[in-house]
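Enquirer: Starting from these lines, generate the structure:
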Amino acid sequence: MRKSAGWMVPSDDRILELIREYGNLTPSAVSHFGGPSRQHASGRMSKLAEYGLLNQVYRGLYGITDNGRAYLDEDLDASTLEPVDESND
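Expert: Residues are numbered from 1 along each chain as shown. The predicted model follows:
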């Protein structure tokens, strides 16, 4: 059983699954492939990137990280994640 975090919502798993299956996606593509609406996906993808489950490849384009894969494979407890510090960018 996957161990989600308090900041996560049910659609997060679907977003991560779609990106793992199809590769880097935009929020519109997530919606097209059966995920949540573009607007909802956009906000959630930003949040998933904030905690290191996704990475922003390019503006509006996201890919799954090793932590994202580990979470989907039930090898990572997402409640242990802290926001990623991207101040070095």
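
Enquirer: Output the host helix or strand of R44 in CSV, but only the C-alpha positions, please.
Expert: According to DSSP states H and E, R44 maps onto helix 38-50. Presented in CSV, the C-alpha positions along helix 38-50 are these (Å, rounded to 0.1, in the frame of the first residue of the first chain):
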residue,chain,number,x,y,z
ARG,A,38,-5.6,20.8,-16.8
GLN,A,39,-6.1,23.4,-14.1
HIS,A,40,-6.1,20.9,-11.3
ALA,A,41,-3.2,19.0,-12.8
SER,A,42,-1.2,22.1,-13.1
GLY,A,43,-1.5,23.0,-9.4
ARG,A,44,-0.9,19.4,-8.3
MET,A,45,2.1,18.9,-10.6
SER,A,46,3.7,22.0,-9.1
LYS,A,47,3.1,20.6,-5.6
LEU,A,48,4.5,17.2,-6.5
ALA,A,49,7.6,19.0,-7.9
GLU,A,50,7.9,21.0,-4.7
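
Enquirer: Could you pull out the helices in this protein for me?
Expert: Applying DSSP state H to the chain gives helices spanning 10-22, 27-32, 38-50, 66-72.

Enquirer: looking at those, which is closest to A78?
Expert: Closest approach to A78 among the helices of the chain (C-beta to C-beta): helix 66-72, 5.4 Å. To be clear about C-beta, it is placed using only N, CA and C from the backbone, and glycine gets the same treatment.

Enquirer: Let me have the helices of the chain in a markdown table, extended by mean pLDDT and distance to Q56.
Expert: What follows is these, written out as a markdown table (pLDDT from 0 to 100; distance: least, C-beta to C-beta, whole Å):
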| stretch | mean pLDDT | distance to Q56 |
| --- | --- | --- |
| helix 10-22 | 98 | 12 |
| helix 27-32 | 98 | 12 |
| helix 38-50 | 97 | 5 |
| helix 66-72 | 98 | 13 |
